[in-house]
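Chemist: quick one, fold the following:
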Amino acid sequence: MKRLLTQILSRLQLPESWVIFFILGIIMMTFPFLHIFNKPVLLLGVPLLFLYLIAGWVISIIVIYLFMIASHHKDKSTDEKDEL
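Modeler: Numbers count the residues shown, from 1 in each chain. The predicted structure follows:
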C-alpha cells in the first residue's frame, strides 16, 4: 500500500498531470457536460445538475489535496537527499 501511494505521489509531481487535471476541470464546466446533467431529474430529492457540480467541486478539492501531498513529499525527498 505504501509503495502504491509513493508511485501515485511521484506521478502527481509531474507538470503534465497538473495540466491534464486543469484541462479536465475546464472541460467539465463546458456546455455539453452541463447540458447532459441539466435534466428535470431528482436524485435523492436533489437536482442532478446540482449533484454534478457539487461532486465536481469535491473531486477537485481532493485532487488539489493530493497535489499538495505530492509537493510536500517531493520537498521531503529532496531534503533527505541533501542530508546524505
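Chemist: so Lys2 versus Gly45, what's the distance?
Modeler: From Lys2 across to Gly45, the span is 41 Å (Cβ to Cβ, to the nearest Å). Any C-beta I mention is one placed from the backbone N, CA and C, and that applies to glycine too.
Chemist: now swap in Thr30 and tell me
Modeler: In this structure, Thr30 and Gly45 are 27 Å apart, going by Cβ to Cβ.
Chemist: and the spatially most central residue of the chain, what does it touch?
Modeler: Here the mean C-alpha position of the chain is nearest to the C-alpha of Val63 (Cα atoms, centre = their mean), at a distance of 2.5 Å. Residues near Val63 by Cβ atoms under 8 Å, 6 or more residues apart in numbering: Phe21.
Chemist: any buried residues in the one helix or strand it maps to, and which?
Modeler: Element membership of Val63 [criterion: DSSP states H and E] is helix 48-83. By neighbour count, with 16 or more other Cβ atoms under 10 Å as the criterion, the buried positions of helix 48-83 are 49, 52, 56, 63, 67, 70, 73.
Chemist: mind listing what Leu43 touches?
Modeler: Applying Cβ under 8 Å, 6+ apart, one finds that Leu43 lies in contact with Leu51.
Chemist: for it, give me phi and psi.
Modeler: For Leu43, the backbone dihedrals are phi -120, psi 110 (criterion: degrees, to the nearest 10).
Chemist: name whatever forms a beta bridge with it.
Modeler: Here Leu43 sits in beta bridges with Val46, as judged by DSSP bridges.
Chemist: tell me how far it lies from Trp18.
Modeler: Shown here: Leu43 relative to Trp18, a distance of 32 Å by Cβ to Cβ.
Chemist: what's the closest non-adjacent residue to Met28?
Modeler: What sits nearest to Met28 in space, not counting adjacent residues and going by Cβ to Cβ, 6 or more residues apart in numbering, is Gly56, at 5.4 Å.
Chemist: okay but the one you found is in contact with Ile26, surely?
Modeler: No - proximity of Gly56 to Ile26 does not meet the contact threshold set by Cβ atoms under 8 Å, at 11.3 Å.
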